[in-house]
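Q: When you get a sec, could you give me coordinates for this:
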Amino acid sequence: MTGAVRRSGGLSWLLLGVLVLAQIGYPLTGGTDRARLTVATVCLGFLLSVSHALLTRGSRVAAGLLLVTTGGGLAVEALGVATGVPFGGYAYSGELGPKLLGVPLVIPLAWTWMAWPAWLAAVRLTRPGPGRVVLAAVGLAGWDLFLDPQMVAEGYWSWRDPDPALPGVPDVPVSNYLGWLVFAVLLMALLGPVAGRASGLAADREAGLRTDPDAPMYLLYLWTYAGSLLAHAVFLGLPASAGWGGLAMLVVAGPLAVSLVRQRRRSDPDAAAPGPGPAPGPGPAEHTPPTAPA
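A: Residues are numbered from 1 along each chain as shown. Below is the predicted model of the structure:
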């Protein structure tokens, strides 16, 4: 697996770089071009997460990731469109491409895109158990406080009854965010067993961020947080969702950033090396007693 892990590093960093460039281009486009760029961005994120899982954990984990997050995402979205459970009543426009069961095919890919980095961030920050599942679920559901207001503003989907809503975000009901959190808990509870030794590779982590095969996923999560916060606050005219999303994702993004900074300091030899100081004086054996007068 070592060779595959090394190959995953180069591919993951490449895909992450292209993804970042695509997201930077989002505020610079509009209309049909923006919708196409949105679909391309989701596909890039999906490819990044699945290829990383495949090359670092193997085909069984990658297949489990697809089954739980892509398959589960399609199932819950189809249920939501048909019945309003668990998110509330909503419908997709035709802007995001072909649909299956009323759901654009690109939508389940978005669940996979962000579920994997949210899970790996929780693995890094917590021990196995219910706390890890809850933290990963919060990490994923928090993203929707950015995602839903942005996509509704673009007309990609709409809500039949958006009340009650969060202050400053009138077009998305609170039930949507609660539904995301409930489903995210279920999704992460299912993902944990199929993810296998997702907390492995500890020796690589101890060697530093540059050799940690999960580093691209951590930075994907942090970039999603920082990029969304900046875009909503400055470029998209959505200051309220910038505040709500910023607070929600910070629950995971904050501790993750602190953890990575501490790791970098531990692994940086320059940080650990002592600074320059005065030249040492002679030791006891090096002292020459003064010569007695003749």
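
Q: all contacts plus neighbour counts: C-alpha atoms, from now on.
A: Will do.

Q: low-confidence ranges in this protein?
A: 1-9, 196-210, 268-294 (pLDDT under 70).

Q: which residues in it form strands?
A: Secondary structure of the chain by DSSP state E: the strands cover 90-92, 99-100, 103-104, 157-159, 165-166, 169-173.

Q: mind putting the ones you listed in TSV, mean neighbour count and distance to Leu181 included?
A: Shown next, in TSV, are the strands of the chain (neighbours: other C-alpha atoms under 10 Å; distance: least, C-alpha to C-alpha, whole Å):
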stretch	mean neighbour count	distance to Leu181
strand 90-92	18	17
strand 99-100	12	24
strand 103-104	24	20
strand 157-159	18	18
strand 165-166	16	15
strand 169-173	19	14
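
Q: Let's have those strands in TSV, adding distance to Gly227.
A: TSV is the format used below for those (distance: least, C-alpha to C-alpha, whole Å):
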stretch	distance to Gly227
strand 90-92	25
strand 99-100	28
strand 103-104	24
strand 157-159	22
strand 165-166	22
strand 169-173	19
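
Q: Identify the residues contacting stretch 187-197?
A: When contacts are defined by C-alpha atoms under 8 Å, 6 or more residues apart in numbering, stretch 187-197 is touched by residues 57, 60-61, 64-65, 68-69, 72, 115, 119, 133-134, 136-137.

Q: Burial check on the residue nearest to Thr83 when sequence neighbours are not counted, number of neighbours?
A: Leaving aside its chain neighbours, Thr83 sits nearest to Gly89 (7.1 Å; criterion: C-alpha to C-alpha, 6 or more residues apart in numbering). Neighbourhood size, Gly89 [other C-alpha atoms under 10 Å]: 19.

Q: thought Gln23 was touching Thr41?
A: Yes. Gln23 is within contact range of Thr41, at 6.9 Å (criterion: C-alpha atoms under 8 Å).

Q: out of these two, which sits in the busier spot?
A: Thr41 (22 against 19).

Q: Quick one: residues contacting the closest residue to Tyr221 other than its chain neighbours.
A: Spatially, and ignoring its direct neighbours in sequence, Tyr221 is nearest to Pro117 (6.0 Å; C-alpha to C-alpha, 6+ apart). Residues near Pro117 by C-alpha under 8 Å, 6+ apart: Ser49, Met217, Tyr218, Leu220, Tyr221.

Q: If we use 10 Å, what do you get?
A: For Pro117, the contacting residues are 49, 52-53, 123, 136, 139-140, 214-222, by C-alpha atoms under 10 Å, 6 or more residues apart in numbering.

Q: Go through those and name the one nearest Ala78.
A: Ala78 lies nearest to Leu140 out of the contacts of Pro117, by C-alpha to C-alpha, at 19.3 Å.

Q: neighbours around that closest one, how many?
A: Neighbour count of Leu140, defined by other C-alpha under 10 Å: 28.

Q: just checking, it touches Trp116?
A: Yes. Leu140 is in contact with Trp116 according to C-alpha atoms under 10 Å; the separation is 9.0 Å.

Q: overlap in contacts of the two?
A: Common neighbours of Leu140 and Trp116, counting by C-alpha under 10 Å, 6+ apart, are Met188, Tyr221.

Q: From the chain's centroid, how far away is the longest helix seen in the chain?
A: Determined from DSSP state H, the single longest helix within the chain is helix 239-267. Centroid separation for helix 239-267 versus its chain: 11 Å, with C-alpha atoms, centre = their mean, to the nearest Å.

Q: Could you do stretch 111-121 as well?
A: Distance, centroid of stretch 111-121 to centroid of chain: 6 Å (C-alpha atoms, centre = their mean).

Q: try stretch 64-75
A: How far stretch 64-75 lies from its chain's middle: 17 Å, per C-alpha atoms, centre = their mean.

Q: Taking the centroid of the chain, which residue is nearest it?
A: Residue closest to the average C-alpha location in the chain (C-alpha atoms, centre = their mean): Tyr221, at 2.6 Å.
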